[in-house]
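In: coords please:
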Amino acid sequence: MDILRELRESGLKVTIPRLRILQLFQEGSIKHLSADDVYKLLLAEKIDVGLATIYRVLMQFAEAGILFRRHFESGHAVFELNEGQHHDHLVCTGCGKVDEFVDEGIELRQHEIATEHGFVLHEHALSLYGTCADCTAKKVPPRKP
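Out: You can find the predicted model right below:
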């Protein structure tokens, strides 16, 4: 993804905070970030951007289709880069970690179920909640919703 082109095509001005926030999603090892996560990463880099500005930029990116806004069990919004490919999520209720997966069998079955019910499927989201291997090993209790 060409960051400058994406920003220009979305009609957003190219600013240093916007560039850096988008880079965090493209280059970072963590693919699902909340506004708080982005704020902490920028603070660690000594980039002074307010939390309200970060949230506003994330919402602009979501409205422009650059990011997806997701709501998992935690109750707060998590954003991820729109890479144009459908995937589902595994969400750890211990630490909040989110992993992505693709399973053609699950995709096929969801479409079959929709068809059986006379339903025209436009989109769907599947999130599985459980405990990741690290939290299981550490015996971290699941968070309460």
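
In: wait, residue 67 sits on residue 81?
Out: Yes. Using Cβ atoms under 8 Å, residue 67 is in contact with residue 81, at 6.1 Å. All C-beta atoms are positioned from the backbone trio N, CA, C, and that covers glycine.

In: so what sits against both of those two?
Out: Residues touching both residue 67 and residue 81 (Cβ atoms under 8 Å, 6 or more residues apart in numbering): residue 25.

In: have a look at these two and say which one is more surrounded.
Out: Per other Cβ atoms under 10 Å, whichever of residue 67 and residue 81 has more neighbours is residue 67, with 22 against 19.

In: so what pLDDT did the more buried one get?
Out: Note for residue 67: predicted pLDDT of 93.

In: element containing residue 136, please.
Out: helix 133-138 (DSSP states H and E).

In: what residues does that helix touch?
Out: Here helix 133-138 has contacts from 92, 94, 95, 97, 140, using Cβ under 8 Å, 6+ apart.

In: separate out the buried members of those.
Out: Neighbour-count burial within these applies to 92, 94, 97; the criterion is 16 or more other Cβ atoms under 10 Å.

In: for these, give me a markdown table that also has secondary structure, pLDDT and distance to residue 14.
Out: Output for the buried ones among the contacts of helix 133-138, formatted as a markdown table (DSSP: H, G, I helix; E, B strand; the rest coil; pLDDT from 0 to 100; distance: Cβ to Cβ, whole Å):
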| residue | secondary structure | pLDDT | distance to residue 14 |
| --- | --- | --- | --- |
| 92 | strand | 90 | 36 |
| 94 | coil | 87 | 39 |
| 97 | coil | 86 | 32 |
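
In: what is the nearest of these to residue 129?
Out: Checking the buried ones among the contacts of helix 133-138 against residue 129 with Cβ to Cβ, the nearest one is residue 92 at 8.1 Å.

In: the closest one touches residue 132, doesn't it?
Out: Yes. In terms of Cβ under 8 Å, residue 92 counts as a neighbour of residue 132; the distance is 3.9 Å.
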